[in-house]
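Trainee: Sequence and predicted model, in that order:
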Amino acid sequence: MPATGAKPLGTADAAEAARAVRQMFDSIAPRYDLLNHVLSANVDRLWWWRTARRFRAILEDPDAAVLDICCGTGDMTMALLKQRPAGARPILAADFARGMLSRGARKFGGGKSGAPYAIPLEADALHLPLKSESLDLIVTAFGFRNLANYEAGLREFNRVLKPGGQLGILEFSEPGGAMGKAYALYFRRALPAIGRLICGKDGPYNYLPTSVGAFPPPSEMLSMMRNAGYVDCAWQPYTFGIAGLYTAKRPPGTLKTA
């Protein structure tokens with residue numbers, strides 16, 4: 001069966017899955033940044049930088065309306081801000097896990113002396129409190145995989161994007177070949193043990209490899225994006241395919257979606 005959304009262990013439906021994901025990320029928020037950098041050997045910083053550079057043309061427009069959804073503790077937001085000019089419209093940085101968002105908010109700045117900054121927004125990615133056709137760019141880094149319904153997320157992003165607006169989804173994937181075998185060994189055995197050692201919790205870093213394994217492969221994900229109404233859908237692998245950036249556009253001149 002095609003993947004429809006995140007399914008943490010013990011959850012029976014989308015509502016339970018969403019609650020479980022929120023509680024899980026709130027519980028690891030204090031150690032989240034440290035864990036990310038340790039577990040990825042700081043390669044995650046490169047992935048954020050490459051993603052932000054991919055959308056540089058939009059980010060350099062001071063009037064562009066930009067959303068970082070599922071922003072977590074805000075590292076993707078900070079990479080996006082580095083591409084914004086002085087005096088630019090603030091980026092919206094949204095997440096439904098308050099513990100994560102509160103830590104991100106400490107990084108975002110307040111626009112002093114015209115410096116680029118972000119506004120934290122506690123919001124569910126499946127029900128964004130934003131007007132239809134109001135955004136030029138939506139980016140999400142390692143958060144889309146945790147949505148309770150992937151298709152609903154893509155439709156909601158489509159709703160709030162302007163015609164011609166762009167979408168970027170940075171996510172983990174499972175590489176093939178010898179690299180894939182070595183990565184799988186680390187990801188399924190070493191990573192949960194390291195996460196448990198640093199975080200003191202068992203569940204979250206067992207959930208991570210399980211969620212990546214259940215996430216749609218690139219071909220299926222691209223098909224899902226096209227079915228949701230996007231055009232120019234593409235996937236760019238990063239670091240031997242350990243992660244990758246999905247990009248797409250809302251077609252110009254399309255009507256508002258429900």
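Mentor: Received the coordinates, thanks. Residues are numbered from 1 along each chain as shown.
Trainee: where along the stretch 101-250 of the chain do the strands fall?
Mentor: Assigned by DSSP state E, counting those that start in this stretch, the stretch 101-250 of the chain shows strands spanning 118-122, 135-141, 161-172, 231-238, 243-249.
Trainee: The longest one vs strand 135-141, what angle?
Mentor: Computed with axes from the mean of the first three to the mean of the last three CA atoms, to 10 degrees, the direction of strand 161-172 lies at 10 degrees from that of strand 135-141.
Trainee: what angle do strand 161-172 and strand 243-249 make?
Mentor: Interaxial angle of strand 161-172 relative to strand 243-249 (the same axes, to 10 degrees): 170 degrees.
Trainee: list the buried ones in strand 161-172?
Mentor: By neighbour count with 16 or more other CB atoms under 10 Å, strand 161-172 contains the buried residues 161-162, 165-172. For glycine as for every other residue, the C-beta is placed from the backbone atoms N, C-alpha and C.
Trainee: Now flag whichever of those is closest to A52.
Mentor: The nearest member of the buried residues of strand 161-172 to A52, counting by CB to CB, is G168 at 9.1 Å.
Trainee: pretty sure the closest one contacts F55?
Mentor: Yes - counting by CB atoms under 8 Å, G168 does reach F55; the two are 6.1 Å apart.
Trainee: Let's have the strands of the stretch 101-250 of the chain in JSON lines, adding mean pLDDT and distance to R103.
Mentor: What follows is these, written out as JSON lines (pLDDT from 0 to 100; distance: least, CB to CB, whole Å):
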{"stretch": "strand 118-122", "mean pLDDT": "97", "distance to R103": "10"}
{"stretch": "strand 135-141", "mean pLDDT": "98", "distance to R103": "15"}
{"stretch": "strand 161-172", "mean pLDDT": "97", "distance to R103": "19"}
{"stretch": "strand 231-238", "mean pLDDT": "97", "distance to R103": "25"}
{"stretch": "strand 243-249", "mean pLDDT": "97", "distance to R103": "22"}
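Trainee: closest one to K107 among those strands?
Mentor: The nearest among those, by CB to CB, is strand 118-122 at 8.2 Å.
Trainee: and I28, helix, strand or coil?
Mentor: Secondary structure state of I28, per DSSP: H, G, I helix; E, B strand; the rest coil, is helix.
Trainee: returning to what we had before: who touches both of G168 and F55?
Mentor: 137, 139 (CB atoms under 8 Å, 6 or more residues apart in numbering).
Trainee: Name the residues that touch stretch 223-234?
Mentor: 2, 150-151, 154-155, 158, 167, 216, 222, 246-251, 254, 257.
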